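Student: sharing a model that was predicted from the sequence below.
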Amino acid sequence: MGYTLNFAAVWRSFDLLLSGLALSLGLAVISIFIGAAIGLAVAFALTSKSRLVGAPARLYVTVIRNLPILVLVLFAYFALPQMGFRLGKIESFVMVLSLYSGAYLAEVFRAGLLSIPRGLTEAGLAIGLTPMQIRSSIIAPLMFRNVLPSLSSTVISLFKDTSLAAAIAVPELTFAARKINVESFRVVETWMVTSALYVVTCFLIAALLRRVERRLALPR
């Protein structure tokens, strides 16, 4: 007996999918901004000549990059409360995704920092700028331009990682799809529509980031 597609149940709950998608995007945006701040600080630490600064940064990157994000999510939500640190579902997931993205972005930013000619720092010092002014006004803007292609792929990957929030019942897109699936038993239709939403959203994010990359590209 053949399977007959019927999307009626999915369309009736389509607003639930859109609400989940909006939450997924919100989780991704907040986590990426926090993760970028963490990653930038860690990248500067990784390129520091001081072992006291560089060693903890390398330890953080090594540990986080070698742990599955799902393990981190479950640890933050179920294990940390046993140690006295209680966070809500959304807060714990944002914390984990921020730390996770920070570790990956640290390596992206580190590569960008190493691509900046050392002469720019020396030129900044020569005109009287402080090291902090050189980093914020010269190094960081150029570094961001250099790493935009890698940054774009990381952003898209982190948006897809928000689906793991369903493991702790955060009502993002994948959780909403599971709810519709359980209530309607329309397995194929539910996941077809959900997959299409992920694909379209990732395509739009990539297009937006490519446009930003073209706008900020240095003229040749």
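Tutor: Cool, the structure landed. Residues are numbered from 1 along each chain as shown.
Student: helices of this protein, residue ranges please.
Tutor: 8-12, 14-46, 51-65, 69-74, 89-114, 118-126, 131-134, 140-161, 173-184, 187-216 (DSSP state H).
Student: wait, what's in contact with the residue nearest to Val155 when sequence neighbours are not counted?
Tutor: The shortest distance from Val155 to any non-neighbouring residue, by Cβ to Cβ, 6 or more residues apart in numbering, is to Ile32 (5.9 Å). (Each C-beta comes from the backbone N, C-alpha and C, glycine too.) Residues in contact with Ile32, defined by Cβ atoms under 8 Å, 6 or more residues apart in numbering, are Ser101, Val155, Leu158.
Student: if you set the cut-off to 10 Å instead, what comes out?
Tutor: Counting by Cβ atoms under 10 Å, 6 or more residues apart in numbering, Ile32 touches Gly39, Leu97, Ser98, Ser101, Gly102, Leu105, Leu151, Thr154, Val155, Leu158, Phe159.
Student: then Ser98?
Tutor: Ser98 neighbours (Cβ under 10 Å, 6+ apart): Leu27, Ile30, Ser31, Ile32, Phe33, Ile34, Gly35, Ala36, Ala37, Ile38, Gly39, Leu158.
Student: ok, and the closest non-adjacent residue to it?
Tutor: Ile34 (3.9 Å).
Student: if we can go back for a sec, looking at the helices of the chain, which is closest to Leu80?
Tutor: Taking Cβ to Cβ, helix 89-114 is the member of the helices of the chain nearest to Leu80, at 7.2 Å.
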